[in-house]
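Enquirer: Below are the sequence and a predicted model; questions follow.
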2 protein chains.
Amino acid sequence: MTQSGRKQPGHQGPETGIQLGRLDEFIGFRLRRIQNQLSRDFAAATADRNLRSGLFSSLAIIAANPGISQNELSGAVGLDKSITVQIVDELEKRQLAVRKRSQTDRRRHALFATDAGQTYLDELFDIMARTEDIVLHQLSRAELGLLRELLDRMYQAFDQKGIPL
Amino acid sequence: MTQSGRKQPGHQGPETGIQLGRLDEFIGFRLRRIQNQLSRDFAAATADRNLRSGLFSSLAIIAANPGISQNELSGAVGLDKSITVQIVDELEKRQLAVRKRSQTDRRRHALFATDAGQTYLDELFDIMARTEDIVLHQLSRAELGLLRELLDRMYQAFDQKGIPL
DNA sequence: GACAGATTGTTGAATTAATCTACTATATAT
DNA sequence: ATATATAGTAGATTAATTCAACAATCTGTC
């Protein structure tokens, strides 16, 4: 259960006279503080929905990859497969997604989003978009494109070195 | 206790043929995936050190703000004050920081990093720097500066709207 | 075709983290 | 002096994560 009001501790907003010291050197830190605030805002905006942690991204990945297996989903979302089981259980209970036994490999569960799931997902995407808007309006369209590109380039770095799973 | 090997599930590295769908539109998603991988890598690199979750950033903030109160620390790091108590307890037990009663307001505990704490912190910063290196080498110096600037601009957006605490 | 070994999904136990409430001591304002 | 607010602490509750064990099924090898 998430709380509804704006009562969370919250990352310190800027302008509080707190020194960051060497922490300020790291982009990881900058990424985290923004990302934390964004997910707090998103959580607040979806507080009524009883959204457990990996559910949104799991549903999104399922919708974008019809027939994906739970194992692949785990890898894509970055969750342990035992957590994925729980999430898919809940998605099914809420009728947002379904498991179908794969005919070619009967160990696998092929996952599909239902229509209701797709609708639900679109709502969440809209909330997410509104949440990000606050932050995105600080950037011009060109800057946003550039940011995207830089972030992607950074992410690809993880490709080079040995990546788990 | 964190595990030492590279055994974690891990965010899916790029290049796995998984479609992201609309998830791909959001910078929050891009921020998170990089940040997740970075903290995984950092956790792996410090697995021997028994680092509980907010400890590193708390110590960093204390070192950069000698005499800061626990409450201010909570706000700066984004943790509930009851968690901060635990963290400061551990910092003291490990002799990385000390509490001193404020003379002017005897409710407050003024926090200070010890020399050992500062040394420890520097080690962590170095590990952090090495962790980020992998990702940072994808960017030119100019791009890195720009990225920093864009991220800061984004973070400041949270200033405008009402920020919790 | 049978066996060994790997993989998928599942369960439950154990650990850890986050949240919330209530309480004590001290401070500030009236 | 009294009321109200704040800093720090403790404990209970809940959620999230990790880990190990297991059954079913597949794959390759003989």
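Expert: Alright, I've got the coordinates.
Enquirer: only C-alpha atoms for contact and neighbour calcs from this point on.
Expert: Noted.
Enquirer: residues from chain A in reach of DNA strand D?
Expert: Within chain A, the residues that sit near DNA strand D (C-alpha under 7 Å from any atom of the strand) are A:1, A:52-54, A:79-80, A:82-83, A:103-107.
Enquirer: Go through those residues and say which is closest to A:Asp89.
Expert: Closest to A:Asp89 out of the residues of chain A next to DNA strand D is A:Ile83 (9.8 Å), distances taken as C-alpha to C-alpha.
Enquirer: count of neighbours near that closest one?
Expert: Other residues near A:Ile83 number 13, with proximity taken as other C-alpha atoms under 10 Å in any protein chain shown.
Enquirer: if I look at it, how far off is DNA strand C?
Expert: Computed as C-alpha to the nearest atom of the strand, to the nearest Å, the A:Ile83 to DNA strand C distance reads 7 Å.
Enquirer: do the same with A:Leu91
Expert: Going from A:Leu91 to DNA strand C by C-alpha to the nearest atom of the strand gives 11 Å.
Enquirer: Report the contact partners of that residue.
Expert: For A:Leu91, the contact set (C-alpha atoms under 8 Å, 6 or more residues apart in numbering or on different chains) comprises A:55, A:59, A:97-98.
Enquirer: returning to what we had before: of the residues of chain A next to DNA strand D, buried ones?
Expert: Applying 16 or more other C-alpha atoms under 10 Å in any protein chain shown to the residues of chain A next to DNA strand D, the neighbour count classes A:54, A:79 as buried.
Enquirer: helix or strand for the spatially most central residue of chain A, which one?
Expert: For chain A, the residue whose C-alpha lies nearest the mean C-alpha position (C-alpha atoms, centre = their mean) is A:Ser57; its distance is 4.5 Å. Take DSSP states H and E as the rule and A:Ser57 turns out to sit in helix A:55-64.
Enquirer: any idea how far the nearest residue to A:Met154 once chain neighbours are set aside is from DNA strand D?
Expert: Computed as C-alpha to C-alpha, 6 or more residues apart in numbering or on different chains, the closest residue to A:Met154 that is not its neighbour in sequence is B:Val135, at 5.1 Å. From B:Val135 over to DNA strand D the distance is 21 Å, taken as C-alpha to the nearest atom of the strand.
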